[in-house]
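Colleague: I would like to see how this sequence folds:
(one chain, ligands or ions: 1)
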Amino acid sequence: MNEGDTRQVASDLLAPGDRVQLTDAKNRKATITLAEGGAFHTHRGRLFHDDLIGKPDGVTVTTEGGTAYLALRPLLPDYGLSMRRGAQVIYPKDIAQILTFGDIYPGARVVEAGAGSGALTNWLLRAVGPTGRVFSWELREDFAKIAQENVQGYYGELPEQWTLTVGDVAEAELDAPVDRVVLDMLSPWEVLDTVERLLRPGGVFIGYVATTTQMSELVEALRERKTFTEPEAWESLIRGWHLEGLAVRPDHRMIAHTAFLITARKLAPGTVAPARKLKPSKGQQALRERNARIAAEAAAPPAEDGPDAAEEL
Ligand SMILES: C[S@@+](CC[C@H](N)C(=O)[O-])C[C@H]1O[C@@H](n2cnc3c(N)ncnc32)[C@H](O)[C@@H]1O
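Modeller: Predicted coordinates for the structure are as follows:
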């Protein structure tokens with residue numbers, strides 16, 4: 001597999017089993033899987049699959065009622081958003097960041113958890129190519145099954161360089177170190193022992209978390225270990241543009257928040273990174289002292305009711 005994505009060769013004619021994305025004049029999209037004798041039902045009558053089978057990618061077909069649809073095989077970004085979902089998928093804009101700043105290259109050995117719906121898995125498999133390996137872990141059997149369907153649905157078979165394990169990535173054991181670890185899960189800081197054990201020196205860790213509190217927890221946990229470089233964190237925002245005559249402006253709507261990305265590289269054994277001086281500002285210091293006071297008060301045993309307490313009232 002992966003020797004060129006055969007499903008994207010331009011001369012290949014549409015065939016039964018192919019997924020096809022239909023787009024109408026209002027840019028509404030629907031994805032169908034072609035079957036001989038099959039039909040897609042619309043408000044303006046049926047669209048017959050047989051009218052597409054044997055035709056080239058990128059043709060227009062019309063329904064019984066005369067509505068035209070453009071038919072194209074979905075690209076991988078389209079596929080990831082239209083496939084069946086169990087867990088929430090990573091959006092293409094963030095996958096691009098993971099592949100780029102995670103430096104996922106042909107031949108790389110990558111650990112991924114959780115596999116979720118397999119959206120990131122498909123991209124990792126493409127990036128590492130036939131000489132690489134992707135080891136995915138997924139806690140939930142039902143999600144693992146969906147990931148497997150979605151990978152098979154895209155590549156047409158289960159890629160040889162992919163291993164999917166149903167279980168906790170914390171228990172991952174591999175016969176050789178990996179180059180990259182990508183975690184998209186609720187509490188990645190809980191499995192950093194495993195990340196450290198699996199990753200080769202110089203290898204890249206990427207965490208993907210939805211909230212600022214998770215981001216902070218992960219960054220502090222990485223720092224505490226002293227076995228990683230200083231973590232870097234960011235988010236990506238993409239704003240589409242509306243282009244119509246002289247009305248050239250940003251779109252009114254955008255996907256404003258998905259998740260934060262955190263990266264760090266594993267240090268060689270015994271290496272101490274030059275310490276970064278993280279001097280808290282006066283405001284931060286005051287906040288820390290206040291929080292420590294509140295915590296100490298909360299931990300103190302409750303004052304006993306007695307004559308003194310009553311007198312104070
Ligand atoms: C947001 S989903 C991942 C989506 C996936 N990246 C995609 O693009 O389709 C998070 C997944 O992590 C799984 N998970 C959480 N903790 C895990 C662990 N310790 N080991 C393996 N999988 C875990 C969850 O079951 C869930 O399916």
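Colleague: the one helix or strand Lys145 maps to near the ligand anywhere?
Modeller: Element membership of Lys145 [criterion: DSSP states H and E] is helix 141-155. Yes - against the ligand, helix 141-155 shows contacts by C-beta under 6 Å from any ligand atom at Phe143. For every residue, glycine as well, the C-beta is placed using N, CA and C.
Colleague: and the pLDDT at the residue nearest to Trp241 when sequence neighbours are not counted?
Modeller: Spatial nearest neighbour of Trp241, chain neighbours left out: Pro250 (5.8 Å); criterion: C-beta to C-beta, 6 or more residues apart in numbering. pLDDT, Pro250: 97.
Colleague: which positions in the stretch 101-250 of the chain make contact with the ligand?
Modeller: Residues of the stretch 101-250 of the chain lying near the ligand (C-beta under 6 Å from any ligand atom): 113-114, 116-120, 137-140, 143, 168-170, 184-186, 191.
Colleague: quick one, domains of this protein?
Modeller: Domain assignment for the chain, taken from the TED database, gives 16-74, 78-266.
Colleague: end to end, how far does the longest one reach?
Modeller: So the one you mean is domain 78-266. 34 Å (C-alpha to C-alpha, to the nearest Å).
Colleague: list the contacts of the residue in the stretch 201-313 of the chain positioned nearest to the ligand.
Modeller: Scanning the stretch 201-313 of the chain for proximity to the ligand using C-beta to the nearest ligand atom identifies Tyr208 as nearest, at 7.3 Å. Shown in contact with Tyr208 (C-beta atoms under 8 Å, 6 or more residues apart in numbering): Ile90, Asp94, Ile98, Val182, Leu183, Asp184, Ala259, Phe260, Leu261, Ile262.
Colleague: could you do Ser136 as well?
Modeller: Val111, Glu112, Ala113, Gly114, Ala115, Gly118, Thr121, Ala147, Trp162, Thr163, Leu164, Thr165.
Colleague: ranking those residues by neighbours, who comes first?
Modeller: Gly118 (34 neighbours; other C-beta atoms under 10 Å).
Colleague: please name the nearest non-neighbouring residue to that one.
Modeller: Counting by C-beta to C-beta, 6+ apart, the residue nearest Gly118 is Ala147, at 3.3 Å.
Colleague: please identify the helix or strand for the closest residue to Gln88 other than its chain neighbours.
Modeller: Closest residue to Gln88 apart from its sequence neighbours, by C-beta to C-beta, 6+ apart: Gly116 at 7.1 Å. Per DSSP H and E: Gly116 is located in neither a helix nor a strand.
Colleague: in this structure Ala25 contacts Leu70, no?
Modeller: No - under the criterion of C-beta atoms under 8 Å, Ala25 is not in contact with Leu70, lying 9.0 Å apart.
Colleague: between the two, which is the more surrounded one?
Modeller: Leu70 (16 against 9).
Colleague: help me confirm that the more buried one is found in a strand?
Modeller: Yes - the assignment for Leu70 by DSSP: H, G, I helix; E, B strand; the rest coil puts it in a strand.
Colleague: so who does it touch?
Modeller: For Leu70, counting by C-beta under 8 Å, 6+ apart, the contacting residues are Leu22, Thr23, Gly58, Val59, Thr60.
Colleague: beta partners of the fourth one?
Modeller: Yep, that's Val59 we're talking about. Applying DSSP bridges to Val59 gives these bridge partners: Ala71.
Colleague: quick revisit: most tightly surrounded among the domains of the chain?
Modeller: Each of the domains of the chain was scored by mean neighbour count; the highest is domain 78-266, a mean of 18, by mean count of other C-beta atoms under 10 Å.
Colleague: can you give me the helices in this structure?
Modeller: Ranges of helices in the chain, per DSSP state H, are 76-82, 92-101, 119-128, 141-155, 192-198, 212-225, 282-299, 307-312.
Colleague: and of these, who's closest to Trp234?
Modeller: Checking these against Trp234 by C-beta to C-beta gives helix 92-101 as the closest, at 7.9 Å.
Colleague: give me the distance from that closest one to the chain's centre.
Modeller: How far helix 92-101 lies from its chain's middle: 8 Å, per C-alpha atoms, centre = their mean, to the nearest Å.
Colleague: elements contacting that helix?
Modeller: The helices and strands touching helix 92-101, judged by 3 or more C-beta pairs under 8 Å, 6 or more residues apart in numbering; DSSP states H and E, are helix 76-82, helix 119-128, strand 199-209, strand 260-265.
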